[in-house]
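In: coordinates for the following, if possible.
(one chain, ligands or ions: 1)
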Amino acid sequence: MGTKSKSQEQTENRTGFFHDERVWFISGMFACLFSIYLSLALISFIFTWQTDQSFEWQNVFSASSVSVDNWGGKIGAFFANMLISDGFGIGAFVIPLILGLGGLRLMKLRPYPFRKASRTLLITAILTSLTLGYLFGSAQGLFGNGLGGAHGVFMAQWMNSLMGKFGTGLFLFFAAATFLTFTTKNTFHWLNFGVGAVHTMLKKDETATKTAEEAEWEANGNEDGKPNTISKIQEIETPTTPKTNIKRPAEVIFETNIDKTEKSNIISPDEEVGNNITDASVIEAAIMPNDHQADENTNDEFVDNSGEIQLTVEKIAEEDQVEIAHSDQDFYDPTLDLSGYQRPPVELLEEWKNPELTVSNDELISNKNKIVETLANYKIQIDKIKATIGPTVTLYEIVPAPGVRISKIKNLEDDIALSLAALGIRIIAPIPGKGTIGIEVPNLNPEVVSMLSIIKSAKFQESKYDLPLALGKTISNETFMLDLTKMPHLLVAGATGQGKSVGLNAMLASLLYKKHPSQLKFVLVDPKKVELTLYSKIERHFLAKLPDSEEPIITDTQKVIYTLNSLCNEMDSRYDLLKLAHVRNIKEYNEKFVSRRLSPTKGHKFLPYIVVVIDEFADLIMTAGREIETPIARIAQLARAIGIHLIIATQRPTTNIITGVIKANFPARIAFRVSSMIDSRTILDCPGANQLIGRGDMLVSTGNDIIRVQCAFVDTPEIERITDFIGNQRGYSSAFLLPEYKGDETIEGNEVDLSKKDDLFEEAARVIVMNQQGSTSMIQRKFSIGYNRAGRIIDQLEAAGIVGSFEGSKARQVLITDEISLEHILNNLNNK
Ligand SMILES: Nc1ncnc2c1ncn2[C@@H]1O[C@H](COP(=O)(O)OP(=O)(O)OP(=O)(O)O)[C@@H](O)[C@H]1O
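Out: Now for the predicted structure:
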């Protein structure tokens, strides 16, 4: 037994050594410094290779009399010779880069994703070496084995023997083009462009040949025996030219009408143009010079040299082709308005000091013994026990002996807690998906999970979530993340002081670390007036508010009601846009908009996600009740597809606050420690949240599973640094403006008073008469205003006799047909 635990200890020490962050850091630093040394040695090799290659390598290290010229000494010369001469030639210069990146990765700095960058660099080295080996061979022994090194020369020779020199060349070109297409942005465009250019050149040659043929045709004369002296220019240039008796070469007519001419439209040289004047192709050729621009273009060239018309015609066709190819690639970039925007660096976050060892072996063994003893007292036999150490709790997974009833263990929760003398013991019986029972026991020295460690985690950095919420670490020390777009709303509850505000800050910070201001807007509601104030600094980057609102953070209940109703209006108009675009959700809509398949002239625009964060929801419900609940329920039910997501936090998760309607629409819920089992049931539909240990210990329910997570800790100064960093950068001219919402009380019964016309009345009237279409939703969309205001304007327009009365689902009839009559009516109304 004693020897076993000793060997166990040794193994632990060994694995502990490799898990030690300091070891990683030092190794990383070594790799970085070695990479610098290697770079110097490689650069030096370019100048000193001749002298350094003149001796036998075996003797160099042992013989002190031998000296080398390389700046890196004998070792430098050795490595440089190995990498350049015996390896990849010039391509070897990327090796120190890979080494350096690896070093930075070990030091937990990630300027680029290591795996991707090193893969790209390695392929670059191999391709460069191969290409140089293929092009220059051994280059008379330059750098030892030529520019591509021994690898390049050997591989090129082998490929030459395999597929011949020409085949190898084509293969290398294909490999390089494929590689560049997938690693750089513009290669595809340039390749496309190149192919287009070659195609055009070939066409030009064809035309030139045709010109020669036509010259010959002209010289030969027409069938009347007269020379064909009428140039094509005259024919095309002058529609007034008498068209009878003019003959033209078939090719010219075909070329000018290349887009629309069908075979049947080709006129043979023998046919008279006059006979074909009704033919669409010919008419086009005749009309074209009437176009002002075309006239100018063509005239210039015609005057100089009549023989080059075809070229001019060809040119127009060419330009079209290139433009089409280009517009396919030319995606709209929503981030361009703030193209210089920089996401906050991780250095703004703090590395919280943690105890050296969160759970000692003694603690583990003692807890295990106590669990076994307690269960034995109740005659429960255990087969096996396994511990998983989390940041704040340790999970003891026990396999009970056959025949033991699970409910028996579950009932012993309090007894086990008593015998372990620890609060917050939670029993999971059975652990879903496993045939075991879990007992979670809080650690004596809980670890603080820093936001820094979460943001730096590969899982967060490489996440492709649309709205990633990095929440903390699970019991098995994995970074825990949710995609808010999939939730699609989140309910957070927890008694006071248990970590709710920190949790909300962690969510906001993770979104700020991932998103660009053009992609995401927050609506922040903070009745407590102190929790979210720091975010007002990022008003012009990330916040959304009502147009007439001064404060970017909403603290007043009436304003909250207006904002939520305004969000409902925003939701309605977004649905209209989705319908117009024939797409089902915001993601498809934005993809279509970005690829320029939706025109901004039709009211389309890039739609940012809107995340509404409401702290102290209970407070709002107590003061405004249904006025708050109704729009929240509407948004919760419908807003998923159009990118509006709610995060609602409450201290009191009672049933009068988290009502059935709200609960039904918030499948994703987070519970920090709550004060009673009933509260836990209200929020999670099961007990457990009352047994958490506080300080960010939480249970996350995503519908089916409940996962225990230690929330990441982010302190106020860290949030301040992040918001300062973003706030000090150039932002938009104002916050994102939500549709205006004035409240229902401003609607004055059925009587419409035209002396109190809306500010947009006249503009709306003009738009309606111009489009001859009168609908509330059009006004809403054109002026980005709420439904109520648009409805009011329509009522006023009806009272003024500009649109007809309401006709159910049909648009209203527009009674004024021209703008002059409209201006007349508007003048009359103003003079009243
Ligand atoms: N994830 C965490 N890790 C470590 N400590 C935490 C964590 N979350 C919260 N704490 C500690 O708990 C304290 C209270 O947290 P917080 O302010 O978030 O509570 P709260 O639930 O918002 O309270 P209230 O509802 O009264 O505002 C913090 O000051 C911090 O010391």
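In: and Leu520, backbone torsions?
Out: Backbone torsions of Leu520, given as degrees, to the nearest 10, read phi -150, psi 140.
In: burial count for it?
Out: Neighbourhood size, Leu520 [other CB atoms under 10 Å]: 21. For the C-beta atoms, the positions are set from N, CA and C on the backbone; glycine is no exception.
In: which residues sit in contact with the nearest residue to it once chain neighbours are set aside?
Out: Using CB to CB, 6 or more residues apart in numbering and skipping the chain neighbours, the partner closest in space to Leu520 is Tyr609 (5.0 Å). Listed by CB atoms under 8 Å, 6 or more residues apart in numbering, the contact set of Tyr609 reads Asp466, Leu467, Thr485, Lys515, Gln519, Leu520, Lys521, Ile586, Gly643, Ile644, His645.
In: so which helix or strand takes in the last one?
Out: Assigned by DSSP states H and E, His645 belongs to strand 644-650.
In: which helix or strand lies directly C-terminal to that strand?
Out: helix 660-664.
In: so what does that next one touch, helix or strand wise?
Out: Other helices and strands packing on helix 660-664, by 3 or more CB pairs under 8 Å, 6 or more residues apart in numbering; DSSP states H and E, are helix 626-638.
In: how about the helix it packs on: buried residues?
Out: Within helix 626-638, the residues that qualify as buried are Glu627, Ile628, Glu629, Pro631, Ile632, Ala633, Arg634, Ile635, Ala636, Leu638, counting by 16 or more other CB atoms under 10 Å.
In: ok, how many other residues are close to the residue of the stretch 501-650 of the chain found nearest the ligand?
Out: Closest residue of the stretch 501-650 of the chain to the ligand, CB to the nearest ligand atom: Ser501 (3.2 Å). For Ser501, the number of neighbouring residues by other CB under 10 Å comes to 21.
In: still on that earlier bit, other residues contacting the strand holding His645?
Out: 467, 484-485, 487-494, 500, 503-504, 507, 567, 570-571, 574, 609-618, 632, 635-636, 639, 657-658, 662, 666.
In: likewise for stretch 821-832?
Out: Contacts to stretch 821-832, defined as CB under 8 Å, 6+ apart, come from residues Leu754, Ser755, Lys757, Glu762, Ala765, Arg766, Val769, Ala800, Gly801, Ile802, Ile816.
In: from the residues you listed, pick the one nearest Ala417.
Out: The shortest approach to Ala417 among the contacts of stretch 821-832 belongs to Lys757, at 70.9 Å (CB to CB).
In: nearest residue to that closest one other than its sequence neighbours?
Out: Nearest non-adjacent residue to Lys757, counting by CB to CB, 6+ apart: Gln796, 5.8 Å away.
In: report the buried residues of the one helix or strand the one you found maps to.
Out: Here Gln796 is covered by helix 787-799, with elements defined by DSSP H and E. Neighbour-count burial for helix 787-799 flags Tyr787, Asn788, Arg789, Ala790, Gly791, Arg792, Ile793, Ile794, Asp795, Gln796, Leu797, Glu798 (criterion: 16+ other CB under 10 Å).
In: where's the second one relative to Tyr332, distance?
Out: Here Asn788 is placed at a distance of 32 Å from Tyr332 (CB to CB, to the nearest Å).
In: okay if I get the buried residues of helix 787-799 as TSV plus pLDDT and distance to Glu350?
Out: Output for the buried residues of helix 787-799, formatted as TSV (pLDDT from 0 to 100; distance: CB to CB, whole Å):
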residue	pLDDT	distance to Glu350
Tyr787	75	46
Asn788	76	47
Arg789	80	47
Ala790	84	49
Gly791	83	52
Arg792	85	52
Ile793	88	53
Ile794	88	55
Asp795	86	57
Gln796	88	57
Leu797	88	59
Glu798	86	62
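In: residue contacts, the residue most central in space within the chain?
Out: Nearest residue to the geometric centre of the chain (CA atoms, centre = their mean): Asp466, 6.5 Å. Asp466 is in contact with Asp483, Leu484, Thr485, Lys587, Tyr609, counting by CB under 8 Å, 6+ apart.
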